[in-house]
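In: Here's a sequence, model it:
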Amino acid sequence: MIKTRARRLGAIVVGLSFIAAACGGDDGPADGVLRLGGILPETGNLAFLGPPEFAGVELAVKEINEAGGVLGKDVEWLPGDSGDNGDVANATVDRLLAENVDGFIGAASSGVSLTVIDKITKAGKIQFSPANTSPTFTDYADNGLYFRTAPSDVVQGAALADLMISDGAQTAAFLVLNDAYGTGLLEYTKAPYEAAGGTVAYEVVYDPQAENFDAEVSAAVAAGSDAIVIIGFDETTKILTGLIEAGAGPADKMIYGSDGNMGNALADGFDDPSVLEGMRGTVPGVDIESQTAFIDRLLAVDPDLTDFAYSGESYDAVMAIALAALVAGTDDGVAVGAQINDVTRGGTKCTSFKECADLIAAGTDIDFDGVSGPLEFIDAGEPSEASILIKEFDATGTLQVVEIIYGKI
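Out: So this is what the prediction gives:
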């Protein structure tokens, strides 16, 4: 049985005002066609997140176009790869700017998004990530053109700290990937963990491209802590292998992960996935697999999906942009961006594109509630309400949702 609890998780938001340019960027004028480009992970260390994110986008575009499209025309989707570094993402962004996209969906990695955000927003285009969680974006100078459906790691960090304390982990060692996501989540986990009485026995920020992690693993094991927390991506498999070989795996002590590694793809890296049994972690979002109608629609788009993380957030990102374009009456990125926050708050509730579009056509202010939650964006362009899933690997190496914590910013 899944437990749920609601609490204010200590999230702090800095309110900002943004000054948008009076017209679109130089990379192509509004032409009446809402054109979206992808910077999502087809390759790289977050490639396991790619399929559900692409499927979420493709489903949203399909349903929007079946309902009449935007501004009387079909929405166009131009997919592209973000990879896991700035070189791949920047090449994709350059190509898509040349193809006159109005908005970008992605990247999944906070670090990758930070390599392209200035190029996108200074061109007067929207960047909308379904999975960025770094707190850096809340007060980033983005001309009011960056948005995300994933909540800030201020919320996830507090939830992870709360989970560890609730489990009785009085001491912890942290192994953390060196990028904006890793160091941000470390900061916002460590502070509430220590405030609740926990002690950090060891912490290291590692290079995810390192050939091995023997030194980091040895030091974490030597710290003798109750728990080991791994905030990382696909290199987590190597780290866990080292911990298991050292007698400090999930069978021996409390091991925690986060959304960067708590996917079924982690178990695929082990000949015997049962070695992960008992590993727990946090994943922002709703229990998407319980939304069977949405999952069925996703599987009609991609029958091979096995992970669904951030599929709802990707779907909602497209929906929010499309609805904002209807309100703005144009596909111009700056004009559309100015409407995105408001379509998620303060009006008449609606949950599908057609329902919301009909209300807009009737002159009604809308409040779009998405698959990923109520959204209710703050002025910084991110959700003010969030649920954090507590997931745990079972005896077969399959992830199960065991608890849901609700937080409000």
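In: contacts, neighbours, all on C-alpha from now
Out: OK.
In: immediately after the least confident helix or strand in the chain by mean pLDDT, which helix or strand?
Out: The helix or strand of the chain with the poorest confidence is strand 3-6; it has a mean of 52 (mean pLDDT, DSSP states H and E). Toward the C-terminus, strand 3-6 is succeeded by strand 35-39 as the next helix or strand (DSSP states H and E).
In: in the first helix or strand past that next one going along the chain, what's buried?
Out: Moving toward the C-terminus from strand 35-39, the first helix or strand encountered (DSSP H and E) is helix 50-66. Within helix 50-66, the residues that count as buried by 16 or more other Cα atoms under 10 Å are 50-65.
In: Quickly note the distance from the residue nearest to Pro79 when sequence neighbours are not counted to Asp287.
Out: Using Cα to Cα, 6 or more residues apart in numbering and skipping residues adjacent in sequence, the residue nearest Pro79 is Gly38, 4.3 Å away. Gly38 sits 25 Å away from Asp287, going by Cα to Cα, to the nearest Å.
In: higher neighbour count, the two?
Out: Neighbours were tallied for Gly38 and for Asp287 using other Cα atoms under 10 Å; the higher tally belongs to Gly38 (27 against 21).
In: contacting residues around the more buried one?
Out: The neighbourhood of Gly38, defined by Cα atoms under 8 Å, 6 or more residues apart in numbering, consists of 77-82, 104-107.
In: One more: Ser372?
Out: 149, 285-286, 288, 312-313, 316.
In: can you do 10 Å?
Out: Residues in contact with Ser372 (Cα atoms under 10 Å, 6 or more residues apart in numbering) are 130, 149-150, 284-288, 310-317, 386-387.
In: could the contacts of Gly38 be laid out in a markdown table, adding distance to Asp214?
Out: Converted to a markdown table, these look like this (distance: Cα to Cα, whole Å):
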| residue | distance to Asp214 |
| --- | --- |
| Trp77 | 43 |
| Leu78 | 42 |
| Pro79 | 38 |
| Gly80 | 35 |
| Asp81 | 31 |
| Ser82 | 29 |
| Phe104 | 39 |
| Ile105 | 37 |
| Gly106 | 33 |
| Ala107 | 30 |
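In: quick one on the thing from earlier: quick check: bridge partners of the residue nearest to Pro79?
Out: Applying DSSP bridges to Gly38 gives these bridge partners: Ile105.
In: I'd like to know how far the closest residue to Tyr188 other than its chain neighbours sits from Asp167.
Out: In this structure, Tyr188 finds its nearest non-sequential neighbour in Gly157, 4.8 Å apart by Cα to Cα, 6+ apart. Distance of Gly157 to Asp167, computed by Cα to Cα: 15 Å.
In: who's more crowded, these two?
Out: Taking neighbours as other Cα under 10 Å, Gly157 and Asp167 compare with Gly157 leading, 27 against 11.
In: That one belongs to a helix, doesn't it?
Out: Yes - with DSSP: H, G, I helix; E, B strand; the rest coil as the criterion, Gly157 is assigned to a helix.
In: for it, what are its contacts?
Out: Residues counted as contacts of Gly157 (Cα under 10 Å, 6+ apart) are 9-11, 163, 184-193, 258, 282, 388.
In: In strands only, show me those.
Out: Among the contacts of Gly157, the residues falling in strands (DSSP state E) are 282, 388.
In: Give me the buried subset of the contacts of Gly157.
Out: 9-11, 163, 184-186, 188-190, 192-193, 258, 282, 388.
In: pLDDT-wise, what's the bottom of those?
Out: For these, the weakest pLDDT value sits at Ala11, with 34.
In: care to break this structure down by domain?
Out: Following automatic domain parsing, one gets these domains for the chain: 17-151+290-379, 154-284+389-408.
In: ok, Gln127 to Leu36 distance?
Out: In terms of Cα to Cα, Gln127 sits 10 Å off from Leu36.
In: Looking at those two, which is more packed in?
Out: Gln127 (30 against 26).
In: How about Ser387: what's its closest non-neighbour residue?
Out: Here the residue nearest Ser387, using Cα to Cα, 6+ apart, is Tyr406, at 4.4 Å.
In: Please give the element, helix or strand, for that neighbour.
Out: Per DSSP H and E: Tyr406 is located in strand 399-408.
In: And for Lys391?
Out: In the assignment (DSSP H and E), Lys391 maps to strand 385-393.
In: Give the phi and psi angles for the residue nearest to Glu313 when sequence neighbours are not counted, as a check.
Out: Among residues not flanking Glu313 along the chain, Pro130 sits closest, at 4.9 Å (Cα to Cα, 6+ apart). Main-chain dihedrals, Pro130, degrees, to the nearest 10: phi -90, psi -10.
In: Pretty sure Pro130 sits against Ser113.
Out: No - contact between Pro130 and Ser113 fails when scored by Cα atoms under 10 Å: they sit 11.2 Å apart.
In: out of those two, which sits in the busier spot?
Out: Pro130 (30 against 27).
In: residues touching the more buried one, list them.
Out: Applying Cα under 10 Å, 6+ apart to Pro130 gives the contacts 40, 53, 56-57, 105-109, 147-151, 309-318, 372.
In: circling back to that earlier point, partners of the strand holding Tyr406, with directions?
Out: Short version: by DSSP bridges, strand 399-408 pairs with strand 3-6 (parallel), strand 385-393 (antiparallel).
In: residues in contact with the residue positioned nearest the centre of the chain?
Out: The structure's the chain has its C-alpha centroid closest to Ala131; by Cα atoms, centre = their mean the separation is 1.6 Å. Going by Cα under 10 Å, 6+ apart, Ala131 touches 40, 49, 53, 105-110, 148-152, 259-260, 284-285, 309-311, 313-314.
In: so of those residues, which ones are in strands?
Out: Going by DSSP E, the strands hold 105-106, 148, 284 from the contacts of Ala131.
In: count of neighbours near Ala293?
Out: Around Ala293 there are 10 residues (other Cα under 10 Å).
In: Could you confirm it falls within a helix?
Out: Yes - according to three-state DSSP, Ala293 belongs to a helix.
In: Please look at Thr115 and Gly86 and confirm they touch.
Out: Yes - look at Thr115 against Gly86 with Cα under 10 Å: they come within range, at 5.4 Å.
In: In the stretch 301-409 of the chain, where is pLDDT below threshold?
Out: 409 (pLDDT under 70).
In: Can you show me the helices along it?
Out: Assignment of helices within the stretch 301-409 of the chain using DSSP state H, counting those that start in this stretch yields the ranges 311-328, 333-343, 353-361.
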